[in-house]
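**Q** got a predicted model here, sequence first, then my questions.
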Amino acid sequence: MEHIHDSDGSSSSSHQNPKSTAKWAASLENLLEDPEGVKKFREFLKKEFSEENVLFWLACEDFKKTQDKKQMQEKAKEIYSTFLSSKASSQVNVEGQSRLNEKILEEPHPLMFQKLQDQIFNLMKYDSYSRFLKSDLFLKHQRTEEEEEEEPPDSQTAAKRASRTYNT
């Protein structure tokens with residue numbers, strides 16, 4: 001199976017995947033896998049004063065990939081103090097956060113925040129994500145994409161290349 005990559009450097013990030021809004025609208029997972037999608041979602045959440053949710057989710061994703069024990073401890077403490085402690089600057093609203101004992105931070109493991117991360121994911125999925133898809137921010141981005149699609153034929157071939165890549 002051959003993969004076609006747009007790596008000629010000439011295509012701007014918005015052209016790489018002409019229909020990113022369609023992917024974002026398909027699922028929150030897709031949105032969170034796309035750096036541009038995360039950027040737009042964060043912009044939206046900032047306006048809603050709930051950006052800490054996506055920041056917490058991203059921090060947990062990063063934490064799960066951490067191999068080094070010492071780094072894991074540092075990141076666990078950082079996540080705790082930023083999002084979960086009663087004095088947290090960007091406190092997320094999760095049930096059972098008080099049950100996350102600070103002692104656990106001394107012996108961190110990759111999935112220690114998983115339950116809380118899932119709660120926040122569901123909170124975003126059933127709350128802010130659906131509002132995001134109706135927001136001006138999203139709709140404006142969608143319109144921009146649609147306008148870009150009506151550009152000269154060379155951008156059409158990029159769109160066709162991209163659709164071939166994603167349909168393999």
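**A** Looks like it came in fine. Residues are numbered from 1 along each chain as shown.

**Q** for stretch 94-109, what is the average pLDDT?
**A** What stretch 94-109 shows for mean pLDDT is 76.

**Q** ok now that stretch, how far from the chain's centre?
**A** Mean-position distance between stretch 94-109 and its chain equals 24 Å (C-alpha atoms, centre = their mean, to the nearest Å).

**Q** for the closest residue to E48 other than its chain neighbours, give me its contacts.
**A** Closest residue to E48 apart from its sequence neighbours, by C-beta to C-beta, 6 or more residues apart in numbering: S128 at 6.1 Å. (C-beta placed from N, C-alpha, C; glycine too.) Residues near S128 by C-beta atoms under 8 Å, 6 or more residues apart in numbering: F44, L45, E48, S50, N53.

**Q** now name the helix or strand holding the last one.
**A** Following DSSP states H and E, the helix or strand that holds N53 is helix 51-64.

**Q** equivalent analysis for the first one, please.
**A** Counting by DSSP H and E, the secondary-structure element that holds F44 is helix 35-47.

**Q** list the buried residues of that helix.
**A** In terms of neighbour count (16 or more other C-beta atoms under 10 Å), helix 35-47 has its buried residues at E36, G37, V38, K40, F41, F44, L45.

**Q** do the same with stretch 139-154
**A** For stretch 139-154, the buried set under the neighbour-count rule, 16+ other C-beta under 10 Å, comprises H141, Q142, E145.

**Q** just the residues you listed: which are in helices?
**A** Among these, DSSP state H puts H141, Q142, E145 in helices.

**Q** make JSON lines out of these and add distance to M112 and pLDDT.
**A** As requested, those are exported to JSON lines (distance: C-beta to C-beta, whole Å; pLDDT from 0 to 100):
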{"residue": "H141", "distance to M112": "35", "pLDDT": "92"}
{"residue": "Q142", "distance to M112": "38", "pLDDT": "93"}
{"residue": "E145", "distance to M112": "39", "pLDDT": "89"}
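
**Q** would you turn these into TSV with distance to A25?
**A** Formatted as TSV, those follow (distance: C-beta to C-beta, whole Å):
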residue	distance to A25
H141	11
Q142	8
E145	11
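
**Q** with K87 as the reference, measure out to the residue most central in space within the chain.
**A** Centroid-nearest residue in the chain: L32, 2.6 Å away (criterion: C-alpha atoms, centre = their mean). Shown here: L32 relative to K87, a distance of 28 Å by C-beta to C-beta, to the nearest Å.

**Q** alright, calling it a day.
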